[in-house]
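> I'll drop the sequence and a predicted model, then ask my questions.
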Amino acid sequence: MPNRLFAIGDIHGCSTALSTLIGTINPQSDDTIVVLGDVIDYGPDTRGAVQQLIDLSARCQLILLMGNHEEMLFKAARSHDDLRYWLDCGGVTTRRSYPDQKLIDPEHFRFLKQHCRVFHETDGFIFVHANYIPDQPMSKQSDQSLRWDAIQPDRTAPHVSGKPVVAGHTRLPHGKVRDLGFLVMIDTDPTRVGWLTALEVNSGEIFQANQRGEIRKSVRTGTEVTSSRTMAGTRNNATGSSREAEAPI
């Protein structure tokens, strides 16, 4: 299918899940992938995850949003206090994946810094890392809302534009996409629950991969996902109620 539009949830250094997912969706040059931010921290291989995105940017149109963890990384480069805060908030695993660097690889830092956007909007969809203010146009959204605020599904509302919003950041504890129709939440917590999600927004197809190289597929129905099936994936060795949503990390 030409001109596919994917959103990928919080990667958090889970490079095996990412490579399995990319191998499954097999992006083409006319596809667009929106990575919703929080590529780094917590998981075992931030270095491999970032390198995969660099490689992916030469293969299709890649759009990268800034998550709260990228924001912390950028601040950590400027201040010792911010560095300590970032390390306390998951940055220590990122540092371990760059043992030869003071912070991270300079090429990887430049890639993140140059490519991170605060949100992405198309004619039909809005993509954010964290949250949105329903009655404000995207140009008026606050950094706090876009990168830090958790979504409370029973207290949120459609965006004033009428466009569906795709968001990460707020962890879904059972590894299942939360679909409210006007809002689709896809941070299925690959570091703990174990699944990294890619949503093709036009077809509603959902692809999920874990660190064991397994894949499962499902389809949006409006409130849940259906036809879930799990299969063994081929590993790519590139180093590369409101209770249903938990506080972000």
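Thanks, I have it. Bear in mind that the values here come from a model prediction, so they are computed numbers and not experimental data.
> Next, residue 208: secondary structure please.
strand (DSSP: H, G, I helix; E, B strand; the rest coil).
> Now it: closest residue in space that isn't a chain neighbour?
residue 195 (4.4 Å; CB to CB, 6 or more residues apart in numbering). Yep, even glycine has a C-beta here, placed from its N, CA and C like the rest.
> And residue 199, by the same measure?
Leaving aside its sequence neighbours, residue 199 sits nearest to residue 7 (CB to CB, 6+ apart; 4.9 Å).
> same deal with residue 4?
Of all residues not flanking residue 4 in the chain, residue 31 sits nearest, at 4.6 Å (CB to CB, 6+ apart).
> what sits against the one you found?
Counting by CB atoms under 8 Å, 6 or more residues apart in numbering, residue 31 touches 3-6, 60-61.
> returning to that earlier point: now do the residue nearest to residue 208 against residue 112, distance only.
Separation of residue 195 from residue 112 (CB to CB, to the nearest Å): 24 Å.
> Show me which of these two is the more surrounded one.
residue 195 (27 against 20; other CB atoms under 10 Å).
> So the more buried one is in contact with residue 187, correct?
No. The criterion here is CB atoms under 8 Å, and residue 195 misses it with residue 187 at 9.9 Å.
> what's the most far-flung residue of the chain relative to its centre sitting at in phi/psi?
Residue farthest from the centre of the chain, counting by CA atoms, centre = their mean, is residue 80 at 27.2 Å. Phi and psi for residue 80, reported as degrees, to the nearest 10, are phi -70, psi -40.
> The one 5 residues further on too?
Backbone dihedrals for residue 85, given as degrees, to the nearest 10, come out at phi -60, psi -50.
> And the pLDDT for the residue nearest to it when sequence neighbours are not counted?
Spatial nearest neighbour of residue 85, excluding adjacent residues (CB to CB, 6+ apart): residue 72 at 6.7 Å. pLDDT, residue 72: 99.
> Pretty sure residue 72 sits in a helix.
Yes. Under three-state DSSP, residue 72 sits within a helix.
> for it, what are its contacts?
82, 85-86, 89, 91.
> ok, so what distance separates it from residue 12?
13 Å.
> next one: residue 102
Distance of residue 102 to residue 12, given as CB to CB: 22 Å.
> So those two - more neighbours on which side?
Comparing residue 102 with residue 12 by other CB under 10 Å, the one with more neighbours is residue 12, at 28 against 9.
> Next, give phi and psi for the more buried one.
Residue torsions, per degrees, to the nearest 10, at residue 12 are phi 50, psi 50.
> Was I right to think it contacts residue 37?
No. Using CB under 8 Å, residue 12 is not in contact with residue 37; the gap is 10.2 Å.
> Could you name every residue contacting both of those two?
Residues touching both residue 12 and residue 37 (CB under 8 Å, 6+ apart) are residue 69.
> Which residue, other than its chain neighbours, is closest to residue 97?
residue 47 (4.1 Å).
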